[in-house]
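Novice: curious how this folds, go ahead:
(chains A and B)
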Amino acid sequence: MVTGSCPECGTRVMAGEAFCEQCGHDLSSAPRASCTACGSASIGQDGYCENCGMLQPTGRDHVEIELAAMAGVSDRGLRHSRNEDAMALVTAGQDAVVAVVCDGVSTSPRPDEASQAAADIAAVTIAKRLAEGEGAEAATREAVRLAADTVAFSARIGEDSPACTLVSAVVERRQVTVGWVGDSRAYWLGDNSSLLTTDDATPGTHMLTAWLGADAGEVVPHVRTFTTDGPGAVLLCSDGLWNYYPEPEMLAATALSGTPLSAARRLVRLANEAGGHDNITVAIIPFGQGERAEATVAFPKERSD
Amino acid sequence: MTDFTIRVDQNKYLPAGSQEVHGIITVEASGPVERAPVAEAAEVIIIDTSGSMAYGKIADARKAAQAAIDTLRDGVYFAVISGDHQAEVVFPGTGQLVPADAQSRNAAKAAVSQLRADGGTAMGRWLRRAADLFSAHQVGHPGAIRHAILLTDGKNEHEPAPEFDANLTYCTGKFVCDCRGVGTDWVVAEVRRIGSALLGSVMDVRRPEELEADFRAMTEAAMGKTVADVALRVWTPRAATLNFVKQVSPALEDLTGRRTEVDALTGDYPTGAWGGESREYHVSVRVPSGNVGQEMRAGLVKLVIPGTGQVLASGNILAQWSDDPVQSTRINPRVAHYTGQQELASLIQEGLQARNDGNEELATARLGRARGIAQQAGNEETAKLLDKVIDVDPETGTARLKRVVDKADEIALDTRSVRTVRMRKDPEN
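Specialist: Prediction:
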């Protein structure tokens, strides 16, 4: 299991623990805010850093979600004036968690609204279908269909259609189900770290060949399921991360220490330090049990749709 | 209590890579005038009694000083200094400020009526004497408004320049001094230095008989002050450089060199005493360049009373980088207006200097261009004064220096070059 240390007393703590067993420090609370530009701890009430003056991100500019054992961070990056990425993380009963990441297409109208609507509807739909006893793959297909409809119907008369990508992960006790449309990605990070998705894009370009939106035609998601008993994590991300760091091994080296939230923050910071040319969204969901040395990984096989 | 508000006019949007941020800070002090508590005040009237004041001028100066004394509110502590190559406190005889009442006013006016004009001119010594009076008074009356009026008619001839400098430094921060020059023998630059150091106005008085009304108005304005020793406190980010802090209205005054460090990122700039009035400041900051979409606080401007740390008002100067040229190329009209006013003052001062140096070409270029800006920006008084030194053909725009210029007009133009006008119409209101 992923371990870290208590920020208060330094004792080793297990990921997912709510309190430090040594000193009782609340481990769920996020670390004290520090300036995203200069790292200073003095942020004024009005949101400006009292050292370097930078306005701290608010609203969609920088979003952090920590839920059960998983976490997601979505950031505007350095070059775009708004964050058109969106994410949704929900738990589905005792045994399953659902994460969705969507990336609004910049050249379409209101891509930020499209991506958030798609992520929300997809995550909620999967959770609801799972609760009704449906399988993860069927739930994912249903969710993508509803999300696609939502984006398609949001088109206004006289304007181009809003558009976005979608990647989802349903992490259950024994298996992980990944679904996607477009070029947002899912990775398995652990032993045999690997890319789980294939981009719906013309190779070597960012020209999407599939997306959610009224001009996308019928949307058929890729869906695949895999299992492993080794420890690791599923990573969902927008191209704001993988443009800079496409290699699964490199991502694993950064993502597999500390809490999922601190790992997600680290990856976002790396992308920003590399240029932050696009919005960056990262979701990390720990998965698997046992010791790493004993892990066996059943590689995912793509199901034909 | 007087209420202060700060408003910042700027275009916060910068093109990518740009680093210069400008803001016009409008500080407005208001309050119910009648119900304002009477602030403790101290007033020193300094009259030039050098030899050149003889004949008509000293008589008008006496009348002016007496009018000022009559305008003092009951209870205001005051004194009168007669200045020549040294300074003499002609009222009161005790050498300490005394409160104004019917009796002390009469005694002071009687002393003033005895003023005789002879001797030299050493303004720094007069001011030092006033500073000592204020300092002694302040021991028992901290927080009192401290104001002086200085009247002179001549050049500071009987005080070596280093002594004058030292005396000005000695006086700085101890009181506010409004200065008046009468006649045509005083040196604008010299008196302007006093006004700048002591945060007061400088005006020319063309005819000695105008002095009385002017002194009354100045004293009334001083009596209207309710808060003493107010500072503009400016915070800038760690990696930024504060280019300048200037008062731009009602008159230009560069405060940049007047900074008192508060901490590594913060400095105080003195503004003197405030009554019901509004003043404007131009602050320019150079910030590290940011990325498109990022917003930064380039400056935090507060009006404070440094003695108590009380914050009266505050406002933000912001910077946000944008890749939209429609946003980033717009110049805030108020920033543009006061940038123009500063250019106008420089053109006039440089033009007059060139004219005195015999550089006719440069003088014509500067003053001709000043005439154009004055016309455009609505500086009607300045335009009229410029017309006394330069002819501009309305058809061709060709400028030509006048051959004969009244010295009083030249002094008026120089003195008033730092006085600015407000924007004719505010496009945002």
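Novice: quick one: contacts for the closest residue to chain B within the stretch 151-300 of chain A?
Specialist: Residue of the stretch 151-300 of chain A nearest chain B, by CB to the nearest CB: A:G276 (7.2 Å). Just so you know, the C-beta spots here come from the backbone N, C-alpha and C atoms, and that holds for glycine as well. Residues near A:G276 by CB atoms under 8 Å, 6 or more residues apart in numbering or on different chains: A:D75, A:G77, A:L78, A:R79, A:G240, B:N291.
Novice: number of nearby residues for the last one?
Specialist: What that stands for is B:N291. By the criterion of other CB atoms under 10 Å in any protein chain shown, B:N291 has 20 neighbours.
Novice: with the fifth one instead?
Specialist: Here the number of neighbours of A:G240 (other CB under 10 Å) works out to 30.
Novice: from the contacts of A:G276, which two are the most distant?
Specialist: Largest separation among the contacts of A:G276 by CB to CB: A:G240 and B:N291, giving 13.9 Å.
Novice: excluding its backbone neighbours, what's nearest the one residue in the stretch 101-250 of chain B that gets nearest to chain A?
Specialist: Closest contact between the stretch 101-250 of chain B and chain A, by CB to the nearest CB, is at B:P237 (3.4 Å). Of all residues not flanking B:P237 in the chain, A:G53 sits nearest, at 3.4 Å (CB to CB, 6 or more residues apart in numbering or on different chains).
Novice: list the contacts for B:A87?
Specialist: Neighbours of B:A87 in contact, by CB under 8 Å, 6+ apart: B:I46, B:I81, B:A122, B:R125, B:W126, B:R128, B:R129, B:A130.
Novice: now the closest residue to A:N51 other than its chain neighbours: which helix or strand?
Specialist: Excluding the flanking residues, the one nearest A:N51 by CB to CB, 6+ apart is A:S40, at 3.8 Å. Secondary structure assignment for A:S40, by DSSP states H and E: no helix or strand.
Novice: isn't A:S40 up against A:G53?
Specialist: No. Here A:S40 does not reach A:G53: they are 10.3 Å apart, not a contact under CB atoms under 8 Å.
Novice: and those two? Which one has more around it.
Specialist: More neighbours surround A:G53 than the other of A:S40 and A:G53, with 32 against 14 (other CB under 10 Å).
Novice: just give the nearest non-adjacent residue to B:T71, would you?
Specialist: Leaving out its chain neighbours, the residue that sits closest to B:T71 by CB to CB, 6+ apart is B:T219, at 4.0 Å.
Novice: contacting residues for the residue of the stretch 101-250 of chain B closest to chain A?
Specialist: Neighbour list for B:P237: A:C49, A:N51, A:C52, A:G53, A:M54, B:L265, B:V287, B:P288, B:M296, B:R297, B:A298 [criterion: CB under 8 Å, 6+ apart].
Novice: the third one - that's part of a helix, no?
Specialist: If I follow you right, that is A:C52. No. Assignment of A:C52 by DSSP: H, G, I helix; E, B strand; the rest coil gives coil, placing it outside any helix.
Novice: which ones are touching it?
Specialist: A:C35, A:A37, A:C38, A:S40, B:P237, B:R238, B:A239, B:M296.
Novice: next up, the contacts around the third one.
Specialist: The neighbours of A:C38, taking CB under 8 Å, 6+ apart as the test, are A:C49, A:N51, A:C52, A:M54, B:R238.
Novice: that older thread, and the contacts of B:P237, which is closest to B:V21?
Specialist: With CB to CB as the yardstick, the closest approach to B:V21 among the contacts of B:P237 comes from B:A298, at 4.2 Å.
Novice: helices and strands of the chain: which one bottoms out on pLDDT?
Specialist: The chain I'm using is chain A. In chain A, no helix or strand scores lower on mean pLDDT, DSSP states H and E than strand A:297-302, which sits at a mean of 47.
Novice: was after chain B, sorry
Specialist: Per mean pLDDT, DSSP H and E, helix B:325-328 ranks last in chain B, at a mean of 84.
Novice: so which bits of that one are buried?
Specialist: Under the neighbour-count criterion of 16 or more other CB atoms under 10 Å in any protein chain shown, helix B:325-328 has B:S328 buried.
Novice: can you tell if that helix touches chain A?
Specialist: No. Judged by CB under 8 Å from any CB of the partner chain, helix B:325-328 stays clear of chain A, getting no closer than 10.1 Å.
Novice: gap between that helix and the chain center?
Specialist: Distance of helix B:325-328 from the chain centroid (CA atoms, centre = their mean, to the nearest Å) equals 36 Å.
Novice: average pLDDT across the next helix or strand after that helix?
Specialist: Using DSSP H and E, the helix or strand that follows helix B:325-328 towards the C-terminus is helix B:333-356. Average pLDDT, helix B:333-356: 96.
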